[in-house]
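> sequence below, structure please.
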Amino acid sequence: MNRKKQKRQTTSSSNSPPKATLTTATSSIVKNPNQMRPFKRAKISRLPRDELKDLTNNIISTLQVNGPQTLQNLVDTLNANKVHISRVLDVLLSTPLLSVTKATDSAKIVYRYCHGKKLPTSINMKSLRSDISYEMNALSETYELLIHLRSVCANINELRRNSNSSSSIPFNMDLEKELLECVEHVIQLEDKEK
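Numbering: from 1, shown residues only. The predicted model follows:
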């Protein structure tokens, strides 16, 4: 039995490396931990929600007013981190607001607002729906006023036809009040817009 134990000890000791070699290998790894990972990426932190909203609005307004832009042009214009702008552009590309194409004169990628439409002023996307509903209400009020003014004018023309003298228009107080009310309503609408 002793011979079997000796054979086991010699075979097991020949298979494993010497203890001194293991300790030197692990100590060299501990001394230089960068040896295992030669390339380490720098982490870019996420933007807070308010800054992200502001950056998104700034990107959209820049593309609206300045027209199509490359990523580097946006970085230069907005003075923001290229990675953050790129992330926002990736999300905006999934909407119909932005599209991406290659520039005709070079191989650069160009981001466009609504297929390259250039606007005189930027539109705030946050309040777009409320702005549209406000304008629609103002249009319907104006349309109603026009209908009312046309009816008043039709009444005046009918009175003119019924009277024999075409030079003098007989005004009654009711028609004059209706005209003044229409004019006051138009002035109130103009004051609301200001």
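> how about the helices in the chain?
Counting by DSSP state H, the chain forms helices over residues 2-15, 19-31, 49-66, 71-78, 82-92, 128-162, 173-193, given from the N-terminal end onward.
> got CSV for those, with mean pLDDT, distance to Thr104 and mean neighbour count too?
Glycine gets a C-beta too; all of them are placed from N, C-alpha and C. Rendered in CSV, the data for the helices of the chain read as follows (pLDDT from 0 to 100; distance: least, C-beta to C-beta, whole Å; neighbours: other C-beta atoms under 10 Å):
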stretch, mean pLDDT, distance to Thr104, mean neighbour count
helix 2-15, 54, 69, 9
helix 19-31, 48, 54, 10
helix 49-66, 92, 17, 16
helix 71-78, 93, 16, 16
helix 82-92, 92, 20, 16
helix 128-162, 81, 30, 12
helix 173-193, 73, 41, 12
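> please name whichever of the ones you listed is nearest to His115.
Go through these one by one with C-beta to C-beta and the one that ends up closest to His115 is helix 49-66, at 11.2 Å.
> now the closest one against helix 71-78, angle please.
Orientation check (axes from the mean of the first three to the mean of the last three C-alpha atoms, to 10 degrees): helix 49-66 against helix 71-78 gives 110 degrees.
> all good on my end, thank you.
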